[in-house]
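**Student:** Turn this into a structure:
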Amino acid sequence: MTVEVDRIAQRIANSRHTDGYKLWRTQKDLDTELYQLASARQPIPLELARMRAIISKARAIRNSAAYRPIEEIHANRACVLIGGFDPYDFVNHYRALGGRREATKLGGAVIVRAWNEDTPEAASLWNETMARLNIRRRREVATCLLERGRL
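**Tutor:** Residues are numbered from 1 along each chain as shown. Prediction:
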């Protein structure tokens, strides 16, 4: 069964129809469903636990340093990734620390602007993290901020 979970997770992670946000949202929805069942002392269906394992493994594959999207493999471009970086988790943590940056779509690009001052903790996290990210990861963070909207 573990081999099958690994195979399915690999296919999901490499699918061009899934992105980091979809995997993150699916995992959060599954976690909520499992929590509600456990709180109600209901039996947890095996399929639900199996799906949680698959999505969790797919997220780990997507966030690993070895992952390269199909488009990049075909384009034969080098890719510098930070192992385990999830832009949605970063944005959540940044917002929880009092981060106030906002993203807007200007033409075809997503621009991140700081209209209001961040808390010192959020500013430190933003500056340290963004300095280490490549351009692709910075765009992902900007897209996450755009999707999450304003505070």
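**Student:** so where's this protein shaky on pLDDT?
**Tutor:** Per-residue confidence for the chain (pLDDT under 70) gives these ranges: 1-2, 16, 64-84, 149-151.
**Student:** could you pull out the helices for it?
**Tutor:** In the chain, the helices defined using DSSP state H lie at 2-13, 20-39, 46-63, 70-75, 87-96, 120-132, 135-148.
**Student:** how far off helix 46-63 does the first one point, in degrees?
**Tutor:** Between helix 2-13 and helix 46-63, the angle comes out at 60 degrees (axes from the mean of the first three to the mean of the last three C-alpha atoms, to 10 degrees).
**Student:** Would you mind pulling up the elements that helix 2-13 packs against?
**Tutor:** In terms of contacts (3 or more C-beta pairs under 8 Å, 6 or more residues apart in numbering; DSSP states H and E), helix 2-13 is packed against helix 46-63. To be clear about C-beta, it is placed using only N, CA and C from the backbone, and glycine gets the same treatment.
**Student:** and the nearest residue to residue 49 once chain neighbours are set aside, what is it in contact with?
**Tutor:** In space, and not counting its chain neighbours, residue 49 is closest to residue 34: 7.4 Å by C-beta to C-beta, 6 or more residues apart in numbering. Shown in contact with residue 34 (C-beta atoms under 8 Å, 6 or more residues apart in numbering): 44, 48-49, 52.
**Student:** Next up, the contacts around residue 146.
**Tutor:** With C-beta under 8 Å, 6+ apart, residue 146 has these contacts: 103-105, 110.
**Student:** Count the neighbours of residue 118 for me.
**Tutor:** Using other C-beta atoms under 10 Å, residue 118 has 18 other residues around it.
**Student:** Quick check, it in contact with residue 100.
**Tutor:** Yes. Here residue 118 reaches residue 100: they are 5.5 Å apart, a contact under C-beta atoms under 8 Å.
**Student:** Of the helices of the chain, give the one that comes closest to residue 114.
**Tutor:** For the helices of the chain, the distance to residue 114 is smallest for helix 120-132, at 8.7 Å, taking C-beta to C-beta.
**Student:** Give me the contact list for that closest one.
**Tutor:** 82, 90, 93-95, 97-101, 117-118, 138, 141.
**Student:** Kind regards, and thank you for your time.
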